[in-house]
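In: Got a sequence here, can you build the structure:
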Amino acid sequence: MSDPNASGTVVAADEQVFETADEQAVDDDGFEVVDETPQLEATVDQEKQAKVDANHPDGIADTSTDRIPGVTLAQEERIRARAAELDRMNARAEFGSQAGRERRTRQVAAEGSRRRRARFNQRAASVNPWAAPERADPRAELSQEQLAAVNRQARRLAEELAGWSRAAIARRLGEAVADGRDVTSAVVRVFETLEMAPGTVIPIGKLEEVDRKEVSIAGRIKTLWNPSHPSIAQVGLIADESGQTRVTIWQKSDAPWIAEGEQVRIHGAARNWYEERVSLAVTGWSTIHFPERDRWWDV
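Out: Next up, the predicted model:
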């Protein structure tokens, strides 16, 4: 049987909990009940660890589709600021005062190079008239027969002179023939000039004819003997088909070790005299190459 004084409103259990949550509990004697359960607070280490975990990329909750995944807010701000700065720089380079700067720089550099080359050719023309900028290719002044002979001899000399192209040799021959020399004497003159030119590998037998300090040679190590001074790393004889000479490798040159019977090519060797004979020294400015080392067909 229902109570006539009961209210018709049904209150849920959860709502009853919230309604009584703020009321102070009392005991049977009417005294307030004190909750003696201690409140737990995080330690300093726990707070630090919580901050570390919160800033770790794995602990970041991505709440926006505009966020950069896997970075903190501070990192994201720096990334977006850098991207914005790059956009402004690109805009200035494209539309501002920087427009065309790269193209203008190339033009200025090319023009400066052209002027320097023209001044050099003008000075060189005082020694060789064919170096003047206004002079045409000397081969244009040759007859068809002379031009054929020049090209034929240039092809042959290119096989004997390492480091010189057939076109460069042909121009030198053309200059000599255009100046009135016959093809034979022109070939001899050009060959002797280019054979002793700087950077060219010189026959060892002609080292005494060179009038410069540094030379390049190629040959085979004939023999090695014990150095006479601690400052000398190696000393021996190097020979080719034209002759042989003494070569000294100084410790300070830090040059690679050579062996008897080995083919070597030395660039920038210092030419000097030992017992009234020309000799070579490998210094810190010299380089040694070994054409026969590590050849795959010898494996």
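In: For Glu102, give its distance to Val108.
Out: 11 Å (CB to CB, to the nearest Å). Bear in mind the C-beta positions are built from the backbone N, C-alpha and C, glycine included.
In: and what of Arg67?
Out: 47 Å.
In: quick check, Ile249 in a helix?
Out: No - assignment of Ile249 by DSSP: H, G, I helix; E, B strand; the rest coil gives strand, placing it outside any helix.
In: from memory it sits against Ile258, does it?
Out: Yes - the pair Ile249 / Ile258 is scored as a contact, 7.3 Å apart, by CB atoms under 8 Å.
In: Please enumerate the shared neighbours of those two.
Out: Common neighbours of Ile249 and Ile258, using CB atoms under 8 Å, 6 or more residues apart in numbering, are Gln234.
In: okay, these two: which has more neighbours?
Out: Using other CB atoms under 10 Å as the criterion, Ile249 and Ile258 rank with Ile249 on top: 25 against 21.
In: Can you name the residues that contact that one?
Out: So Ile249 contacts 232-235, 255, 258, 281-282 (CB under 8 Å, 6+ apart).
In: try 6 Å
Out: 233-234, 255, 282 (CB atoms under 6 Å, 6 or more residues apart in numbering).
In: with these in mind, which one is nearest to Arg123?
Out: In terms of CB to CB, no member of these lies closer to Arg123 than Val282, at 34.6 Å.
In: and the closest one, how many neighbours?
Out: So Val282, with other CB under 10 Å, has 25 neighbours.
In: So what does it have for phi and psi?
Out: phi -90, psi 120 (degrees, to the nearest 10).
In: quick one: the closest residue to it other than its chain neighbours from Arg277, how far?
Out: Spatial nearest neighbour of Val282, excluding adjacent residues (CB to CB, 6 or more residues apart in numbering): Ile249 at 4.3 Å. Counting by CB to CB, the separation of Ile249 from Arg277 is 18 Å.
In: Please parse this structure into its domains.
Out: 109-195, 204-298 (automatic domain parsing).
In: Reformat those domains as a markdown table; add mean pLDDT and distance to Glu76.
Out: Shown next, in a markdown table, are the domains of the chain (pLDDT from 0 to 100; distance: least, CB to CB, whole Å):
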| stretch | mean pLDDT | distance to Glu76 |
| --- | --- | --- |
| domain 109-195 | 82 | 42 |
| domain 204-298 | 88 | 52 |
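In: contacting residues for Val150?
Out: Applying CB under 6 Å, 6+ apart, the residues near Val150 are 170, 173-174.
In: Can you tell me the element it falls in?
Out: helix 144-160 (DSSP states H and E).
In: can you pull out the helices in this protein?
Out: 13-21, 44-55, 73-95, 101-124, 144-160, 166-178, 183-195 (DSSP state H).
In: Need those in JSON lines (columns: distance to Lys213).
Out: Shown next, in JSON lines, are the helices of the chain (distance: least, CB to CB, whole Å):
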{"stretch": "helix 13-21", "distance to Lys213": "103"}
{"stretch": "helix 44-55", "distance to Lys213": "67"}
{"stretch": "helix 73-95", "distance to Lys213": "50"}
{"stretch": "helix 101-124", "distance to Lys213": "23"}
{"stretch": "helix 144-160", "distance to Lys213": "25"}
{"stretch": "helix 166-178", "distance to Lys213": "25"}
{"stretch": "helix 183-195", "distance to Lys213": "18"}
